[in-house]
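1. The following block contains a protein sequence and its predicted model.
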Amino acid sequence: MDLNLENVAIRLDGMPLIAPFSLDVPAGAIVTLMGPSGSGKSSLLAYIAGDLEPPLEGQGRILLDGAPIDDVAPESRHIGRLFQDDLLFPHLTVGENLMFGLARGPRGEREALMRAALGLAELEGFENRPPHTLSGGQRSRIALFRALLARPAAMLLDEPFAKLDAELKRSMRAYVYAHLKERNIPTLLVTHDREDAPAGGLVLRIGRNGEVKHD
């Protein structure tokens, strides 16, 4: 399944922020979009996810597997997101946080999927732990698998490594990218750090005039 943007643009109070551009993100590919703070990177992700709010506005078509989704409700777009903050629910256990991303179904099946995710995250036995007892890297892994358990058709990464120290950042980048590629999920990453870009992947940059060009 591919993610495609056709003549997508972002405006702020009617003024151009990101000029119209088109982009194809194939299944399993991770495309990096760079630019300074305030250049519209996060706003673009919000438009793709369907939750862009005024005074920002977006235009252009968003397609998943060739089907337009720009008129589809955000909760029905099947797009996962990871942010700088892990956004785990503090009042839920680790296991409950993971199960939050699962579709409704028999509790036994949902718990089995949750425990399988904990195994993949190398956090077996952590299901009853409160999130605040986890390290930053462990919390990031739980946030990733909560998003993956929702079986997203595409993933949006909004500087998810920005608050990690250098060593943890390197390991989490490799960890996240490997799992996304293994599942053939098209991914758009926004960042200000060139080192976040996967080796050999497409890197785009937002220029001063809002044009999106190859870095």
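-> Happy to help now that I have it.
2. any idea which helix or strand carries the residue nearest the centre of the chain?
-> In the chain, the centroid-proximal residue (Cα atoms, centre = their mean) is residue 156; its distance is 2.6 Å. In this assignment (DSSP states H and E), residue 156 forms part of strand 154-158.
3. try residue 109
-> Assigned by DSSP H and E, residue 109 falls in helix 107-120.
4. Give me the pLDDT for the residue lying farthest from the centre of the chain.
-> Relative to the C-alpha centroid of the chain, counting by Cα atoms, centre = their mean, residue 108 is the outermost residue, at 28.2 Å. Looking at residue 108, its pLDDT is 90.
5. Quick check: what element follows the strand holding residue 156 along the chain?
-> Next along from strand 154-158, by DSSP H and E: helix 166-182.
6. Format the CA atom coordinates belonging to that next one as CSV.
-> What follows is helix 166-182, C-alpha atoms only, in CSV (Å, rounded to 0.1, in the frame of the first residue of the first chain):
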residue,chain,number,x,y,z
ALA,A,166,22.3,10.6,21.4
GLU,A,167,22.9,6.9,22.2
LEU,A,168,19.2,6.1,22.7
LYS,A,169,18.3,8.1,19.6
ARG,A,170,20.5,5.9,17.4
SER,A,171,19.1,2.7,18.8
MET,A,172,15.4,3.9,18.6
ARG,A,173,15.8,5.1,15.1
ALA,A,174,17.1,1.7,13.9
TYR,A,175,14.4,-0.1,16.0
VAL,A,176,11.5,2.0,14.6
TYR,A,177,12.6,2.0,11.0
ALA,A,178,13.2,-1.8,11.0
HIS,A,179,9.7,-2.5,12.3
LEU,A,180,8.0,-0.1,9.8
LYS,A,181,9.9,-1.6,6.9
GLU,A,182,9.2,-5.1,8.0
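7. Downstream of it, the next helix or strand is which one?
-> Taking DSSP H and E, what comes next after helix 166-182 is strand 187-191.
8. That following strand packs against which elements?
-> strand 15-25, strand 30-34, helix 41-49, strand 154-158 (3 or more Cβ pairs under 8 Å, 6 or more residues apart in numbering; DSSP states H and E). From N, CA and C alone the C-beta is placed, and that goes for glycine too.
9. how far out from the middle of the chain is the last one?
-> This points to strand 154-158. Per Cα atoms, centre = their mean, to the nearest Å, the displacement of strand 154-158 from the mean C-alpha position of its chain is 2 Å.
10. buried set for the helix holding residue 109?
-> Neighbour-count burial for helix 107-120 flags 110, 113, 114, 117, 118 (criterion: 16 or more other Cβ atoms under 10 Å).
11. Not counting stretch 172-181 itself, show me its contacts.
-> Stretch 172-181 is contacted from outside by 28, 30, 82, 120, 137, 140-141, 144, 148, 155, 157, 160-161, 164, 187, 196, 198, using Cβ atoms under 8 Å, 6 or more residues apart in numbering.
12. which of those count as buried?
-> 30, 82, 137, 140-141, 144, 148, 155, 157, 160-161, 164, 187, 196, 198.
13. Flag the least confident of those residues.
-> Per-residue pLDDT puts residue 164 lowest of the buried ones among the contacts of stretch 172-181, at 82.
14. My read is that residue 77 contacts residue 69, right?
-> Yes. Using Cβ atoms under 8 Å, residue 77 is in contact with residue 69, at 5.1 Å.
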